[in-house]
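Student: I'd like to go over a predicted model; first the sequence, then the structure.
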Amino acid sequence: MLLRHYLEQNWTKTAIAEHLGITTRTIERWIAAGDLERDLDAEPVRYGPRPPVPTKLDAYKPIIETRLTKYPALSAVRLFAECQAGGYAGSLTQLKVFVRQVRPRQIDEPIVRFETAPGHQAQVDFAEVKLPWGKRYALVVVLGFSRLLWIRFVVRQDMHTLIRGLEAAFAYFGGVPHELLFDQMRAVITRDERLTGGPLVRNTEFLRFAAHWGFVARACRPYRAQTKGKVERPIRYLRDSFLYGREFLGDTQLGDEGSQWLEAVANARVHGTTKAVPRDLFEREERAVLQPVADHPYHSLTLSAPPAPPRLAGPPQLRGLPRIDVEQRPLRAYTALVAGGR
């Protein structure tokens, strides 16, 4: 079929172009050239890539590729300066476009999480919580295998609070892990007792407590990069899922609702890393391999229990107001006062 035939049939240039799969500009060029006898029954016109246009950068492309092969992170500005020193007179933009095309792609290594066997390890840390009536701390203990979580809101970060809190956590788990990992807690690793050469926690009182319960106390710092923050992630999860956007009227409500959240949400959800429910995984594979709890709590000869904080009698906004004692009198006393005033 000739182009002349389509034109004689009153086909528009747009219709011919759509039928042939070409542009109207091509049709106009054929008409302007008088090429009306063109055979159009052959394969439709296909546009191929344009032939490369020589650029000022061509002579320097092998140099850039060689440098990037050896130093993949070398910047385009640095390569531009090196090429200029060799006589390159082109633009930086042209060089940047080429560098983006040929720079070796860095393949990120997959994160290998530091996983532990069932019952082997638990991680411990304090998290600061600011409340309208004062500062509290969340003592957080998480089992490394099942990610079963335990928390308690406390007033102080001291040795007595830590010891009694861990004993409550062991009772909650129904057993004791073989190792406890601490994230540089001042109550365990003091400023004068920070470990310098080994992973063991060097605190005499806490070592006696650990021996009583049968676990090894370690500091997180020597292999922190491998742990991937098993205890830091639950702390952030605690803030976002439980504390954020809630209002509490006192320590009692804070503790009660925290325990409810622990059972109904934190330990009942599907964990993002293990893809299992922490409570189910714990019951299925971890509870049986924990060490048995001690027969009695740890008794310290040096630690004394701190004084209990004052209990909140009402909403926090009422704390700090002076107490007013009103003397109660019978009504006849007020009647006598009124009569005497007359």
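Tutor: Sure, I can see it.

Student: grab the most central residue of the chain for me.
Tutor: When the chain is reduced to its mean C-alpha position, the nearest residue by C-alpha atoms, centre = their mean turns out to be residue 233, at 6.1 Å.

Student: what about that residue, distance to residue 294?
Tutor: Separation of residue 233 from residue 294 (C-beta to C-beta, to the nearest Å) stands at 29 Å. The way it works is simple: take the backbone N, C-alpha and C, and place the C-beta from them, glycine included.

Student: and what of residue 176?
Tutor: Shown here: residue 176 relative to residue 294, a distance of 8 Å by C-beta to C-beta.

Student: quick one: common contacting residues for the two?
Tutor: 170, 213-214 (C-beta atoms under 8 Å, 6 or more residues apart in numbering).

Student: which of these are buried?
Tutor: 170, 213 (16 or more other C-beta atoms under 10 Å).

Student: any idea where the helices of the stretch 151-300 of the chain begin and end?
Tutor: 159-173, 204-213, 224-227, 232-238, 251-261, 278-281 (DSSP state H, counting those that start in this stretch).

Student: got a markdown table for those, with mean pLDDT and distance to residue 151 too?
Tutor: Formatted as a markdown table, the helices of the stretch 151-300 of the chain follow (pLDDT from 0 to 100; distance: least, C-beta to C-beta, whole Å):
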| stretch | mean pLDDT | distance to residue 151 |
| --- | --- | --- |
| helix 159-173 | 92 | 9 |
| helix 204-213 | 88 | 19 |
| helix 224-227 | 48 | 19 |
| helix 232-238 | 81 | 7 |
| helix 251-261 | 90 | 6 |
| helix 278-281 | 93 | 13 |
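
Student: closest one to residue 272 among those?
Tutor: Closest to residue 272 of those is helix 232-238 (C-beta to C-beta; 8.7 Å).

Student: who are the packing partners of that closest one?
Tutor: strand 121-131, strand 134-143 (3 or more C-beta pairs under 8 Å, 6 or more residues apart in numbering; DSSP states H and E).

Student: save the ones you listed as a markdown table, and put in mean neighbour count, mean pLDDT and distance to residue 69 too.
Tutor: As requested, those are arranged in a markdown table below (neighbours: other C-beta atoms under 10 Å; pLDDT from 0 to 100; distance: least, C-beta to C-beta, whole Å):
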| stretch | mean neighbour count | mean pLDDT | distance to residue 69 |
| --- | --- | --- | --- |
| strand 121-131 | 19 | 89 | 43 |
| strand 134-143 | 20 | 90 | 45 |
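
Student: out of the ones you listed, which is closest to residue 209?
Tutor: Of all these, strand 121-131 sits nearest to residue 209, with 12.4 Å by C-beta to C-beta.

Student: so that closest one versus strand 134-143, what angle?
Tutor: 160 degrees (axes from the mean of the first three to the mean of the last three C-alpha atoms, to 10 degrees).

Student: hmm, residue 72 is touching residue 102, no?
Tutor: No. Checked against C-beta atoms under 8 Å, the pair residue 72 and residue 102 is beyond contact range at 10.4 Å.

Student: ok, the closest residue to residue 289 other than its chain neighbours to residue 292 distance?
Tutor: Spatially, and ignoring its direct neighbours in sequence, residue 289 is nearest to residue 119 (3.7 Å; C-beta to C-beta, 6 or more residues apart in numbering). Residue 119 sits 11 Å away from residue 292, going by C-beta to C-beta.

Student: where do the contact lists of the two overlap?
Tutor: Common neighbours of residue 119 and residue 292 are listed as residue 175 (criterion: C-beta under 8 Å, 6+ apart).

Student: compare the two (neighbour count), which wins?
Tutor: A count of neighbours by other C-beta atoms under 10 Å puts residue 119 above the other of residue 119 and residue 292, at 24 against 11.

Student: tell me the spacing between the more buried one and residue 298.
Tutor: Residue 119 sits 21 Å away from residue 298, going by C-beta to C-beta.

Student: quick one, which of the helices and strands packed on helix 232-238 is nearest to residue 248?
Tutor: Nearest to residue 248, of the helices and strands packed on helix 232-238 and by C-beta to C-beta, is strand 121-131 at 6.6 Å.

Student: so where do the strands sit in this protein?
Tutor: 121-131, 134-143, 149-154, 179-182, 216-219 (DSSP state E).

Student: tabulate those strands in a markdown table, adding columns for distance to residue 88.
Tutor: Converted to a markdown table, those look like this (distance: least, C-beta to C-beta, whole Å):
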| stretch | distance to residue 88 |
| --- | --- |
| strand 121-131 | 56 |
| strand 134-143 | 58 |
| strand 149-154 | 60 |
| strand 179-182 | 56 |
| strand 216-219 | 55 |
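
Student: name the nearest residue to residue 60, sequence neighbours excluded.
Tutor: residue 83 (4.7 Å).

Student: out of the helices and strands in this structure, which is least certain?
Tutor: Within the chain, no helix or strand scores below helix 224-227, which has a mean of 48 by mean pLDDT, DSSP states H and E.

Student: closest one to residue 273 among the helices and strands packed on helix 232-238?
Tutor: strand 134-143 (11.6 Å).

Student: who does that closest one pair with, and is each partner parallel or antiparallel?
Tutor: Using DSSP bridges, strand 134-143 pairs in its sheet with strand 121-131 (antiparallel), strand 149-154 (antiparallel).

Student: domain map for this structure?
Tutor: 1-48, 58-102, 121-289 (automatic domain parsing).
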